[in-house]
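**Student:** Next one to model:
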Amino acid sequence: MRIGVVTFPGTLDDRDALRAVRLGGAEPVALWHGDDDLRDVEAIVLPGGFSYGDYLRAGAISRFAPVMDRVVDAAQGGMPVLGICNGFQVLCETHLLPGAMIKNAHRSFICRDQPLRVENVRTAWTTDYQQDQVIRVPLKNQDGQYVADERTLAELEAEGRVVFRYTAGATHGPAGFESNPNGSRNDIAGITNAEGNVVGLMPHPEHAVETGFGPDQPGEGTRTGTDGLAMFTSVLRSMVS
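**Tutor:** From the prediction side, this is the model:
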């Protein structure tokens with residue numbers, strides 16, 4: 001199984017995403033923002049960073065990169081696409097996902113281990129999780145506040161399209177944002193499209209895929225910092241099912 005990871009100018013986490021794809025059991029394929037060919041990949045990851053320096057607004061310029069025309073077409077055709085942090089912002093800019101990402105409510109960059117509740121295990125990227133499972137993965141952003149109009153939020157909730165939600169258990173952070181780190185509406189950390197093949201989230205599962213290198217679950221001896229790995233194994237299962 002070939003999974004492509006797109007690099008834009010300013011991308012920071014492409015190598016981490018490529019490694020996570022490999023550890024999940026797939027063949028990682030590096031894609032460049034100027035490519036006009038997806039090189040026969042079967043799924044795509046848009047990784048985190050500050051594409052094009054986040055000029056104008058985060059993800060706004062990446063939306064017009066040549067490779068994104070191919071990504072949008074593939075996603076609309078059913079290919080699994082995952083957007084992480086800046087990748088989530090790009091997915092919103094392309095309207096593959098609804099809503100927008102704006103500055104954190106506390107106007108500060110935040111970096112911490114973040115608990116998330118898994119709200120939807122039916123997407124291409126979450127089948128290896130359990131419903132309502134609480135996982136812990138790193139979070140790092142300054143434009144991480146998810147916003148949408150009330151009608152869109154109501155549709156996301158009614159259709160079960162909230163995939164991850166911020167939950168209690170963070171050990172530090174700005175005052176007033178111990179569970180919701182950036183002011184996102186409805187504590188939303190990640191969402192999916194109606195078909196379930198496109199998922200975007202702000203926290204970084206690719207940083208929690210190796211024993212000893214990701215955040216442990218406090219009080220649970222069975223967790224070894226690999227809570228993010230299931231996203232990369234889930235998509236393999238979805239492609240062969």
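
**Student:** V45 is in what secondary structure piece?
**Tutor:** Secondary-structure element containing V45, defined by DSSP states H and E: strand 43-46.

**Student:** What strands flank that strand, and is each parallel or antiparallel?
**Tutor:** When pairs are called by DSSP bridges, strand 43-46 turns out to pair with strand 2-7 (parallel), strand 81-84 (parallel).

**Student:** Of all the ones you listed, which one is nearest E195?
**Tutor:** Closest to E195 of the strands paired with strand 43-46 is strand 81-84 (Cβ to Cβ; 10.7 Å). Quick note: C-beta positions are derived from backbone N, CA and C, even for glycine.

**Student:** For that closest one, output the C-alpha coordinates as CSV.
**Tutor:** C-alpha atoms of strand 81-84 as CSV (Å, rounded to 0.1, in the frame of the first residue of the first chain):
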residue,chain,number,x,y,z
VAL,A,81,-6.9,11.9,2.8
LEU,A,82,-5.6,13.0,6.3
GLY,A,83,-4.7,16.6,7.2
ILE,A,84,-2.7,17.1,10.3
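
**Student:** can you list contacts of it?
**Tutor:** Residues from elsewhere that reach strand 81-84 (Cβ atoms under 8 Å, 6 or more residues apart in numbering): 13, 17, 43-48, 71, 74-75, 89-91, 96-97, 125, 197-206, 231, 235.

**Student:** ok, back up a step: let me see the mean pLDDT of the strand holding V45.
**Tutor:** Mean pLDDT, strand 43-46: 98.

**Student:** Ok, stretch 101-115 next?
**Tutor:** Stretch 101-115 comes out with an average pLDDT of 89.

**Student:** now the helices: where do they sit in the chain?
**Tutor:** Secondary structure of the chain (DSSP state H): helices located at 14-23, 66-76, 86-93, 150-158, 229-240.

**Student:** among those helices, which is the most enclosed?
**Tutor:** Stretch with highest mean neighbour count among these: helix 86-93 (a mean of 28; mean count of other Cβ atoms under 10 Å).

**Student:** Contacts for that helix, please.
**Tutor:** Applying Cβ under 8 Å, 6+ apart, the external contacts of helix 86-93 come out as 6, 8, 11, 45-51, 54, 58-60, 62-63, 68, 81, 83, 97-101, 143, 190, 198, 200-202.

**Student:** All good on my end, thank you.
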